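Asks: need the 3D shape of this:
(one chain, ligands or ions: 1)
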Amino acid sequence: MPDPMPRASLRTAVVWDVLRDALDRQVKASGRDALDVLDTGGGSGRFAVPVARLGHHVTVVDPSPNALFALERRAAEAGVADRVRGVQGDAHGLFDVVDRGGYDAVLCHGVLEYVDDPAEGVRNTVAALRPGGVLSLLAAGLGGAVLARALAGHFTEARQALRDPDGRWGDADPVPHRFTAEQLTALVEGAGLRAASVHGVRVFADLVPGVLVDTEPGALDALLRLEAAAAELPAFHSVATQIHVLGETPGASRA
Ligand SMILES: C[S@@+](CC[C@H](N)C(=O)[O-])C[C@H]1O[C@@H](n2cnc3c(N)ncnc32)[C@H](O)[C@@H]1O
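Replies: Down below sits the predicted model:
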């Protein structure tokens, strides 16, 4: 029997679990069922659409017209077009297109890698939050990239990434910045939030040969459970492909 879990869930499961719990707490704390959520660099809505399916109103800001077009289609297919708004813009000029202090939660997933000034990017996401709001920040991890290059036999590139201030393995590296868990946490705290949790994302998923996951019955489910167990352990943050930090504004509810 095929595994009921889609393979794509390996890329999102840990983040989704943390995010859904954070949104549930926001609902309880605010007394409102429908939250206002901003997804900066939300792309085609991989997170925005599931968040809208929970009943929340999501504004996606993204510079790519193609991504916004795909977002519109994905939202329509999911029956949540009325709760998803796509706006062309970027993290630098965020307040040209959305209001300051207008959101219960801000997502910034896979974007900080590409902005010119990551500290400014995080400050802008935080400035978009209401008092008590939460930030969900996900960015590429340095150690995961070093490990992946080394396991692929690219030892010089792996060493280059270790020494490069932006964690890049060479000129052909498509990712402009990578981060350690400590750097991401410092960015969140430097913008005035408390780092409520840190998770390592895709610790094993990108290193395991696909055939092992796709052919062994139950393997995908077992790998998802392993990822969930390792995600919270600081020892594994340093080798994760991505790092997730949940930032809370002072006074946010932990109920
Ligand atoms: C790797 S995709 C992530 C998309 C989505 N957040 C997700 O998790 O599936 C990066 C997205 O960031 C957007 N992006 C690139 N530079 C940006 C910037 N300066 N400000 C905001 N978004 C940006 C891209 O257009 C793209 O949609």
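Asks: residues from this protein in reach of the ligand?
Replies: 40-43, 46-47, 62-64, 67, 90-92, 109-111, 114-115 (Cβ under 6 Å from any ligand atom). (C-beta placed from N, C-alpha, C; glycine too.)
Asks: and the residues you listed, which of them are in helices?
Replies: Counting by DSSP state H, the part of those found in helices is Ala67.
Asks: which of the residues of the chain next to the ligand are buried, as a PyMOL select command?
Replies: Selection of buried members from the residues of the chain next to the ligand for PyMOL, criterion 16 or more other Cβ atoms under 10 Å:
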select buried, resi 40+41+42+43+46+47+62+67+90+91+109+110+111+114+115
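Asks: which ones among the residues of the chain next to the ligand are found in strands?
Replies: Taking DSSP state E as the definition of strands, those contribute 40, 62, 109.
Asks: and these, which is closest to the ligand?
Replies: Minimum distance to the ligand across those is 3.6 Å, recorded for His109 (Cβ to the nearest ligand atom).
Asks: show me the contacts for the closest one.
Replies: Counting by Cβ atoms under 8 Å, 6 or more residues apart in numbering, His109 makes contact with 15, 39, 41-42, 46-47, 136-138.
Asks: for this structure, which segments count as helices?
Replies: Secondary structure of the chain (DSSP H): helices at 9-30, 48-53, 65-77, 94-97, 118-127, 142-151, 155-163, 181-190, 210-215, 219-231, 234-237.
Asks: give me the contacts around the fifth one.
Replies: Same thing as helix 118-127. Contacts to helix 118-127, defined as Cβ under 8 Å, 6+ apart, come from residues 38, 40, 91-92, 94-95, 100-101, 106, 108, 111-112, 115, 135, 137, 177, 179, 187-188, 190-193, 247, 249.
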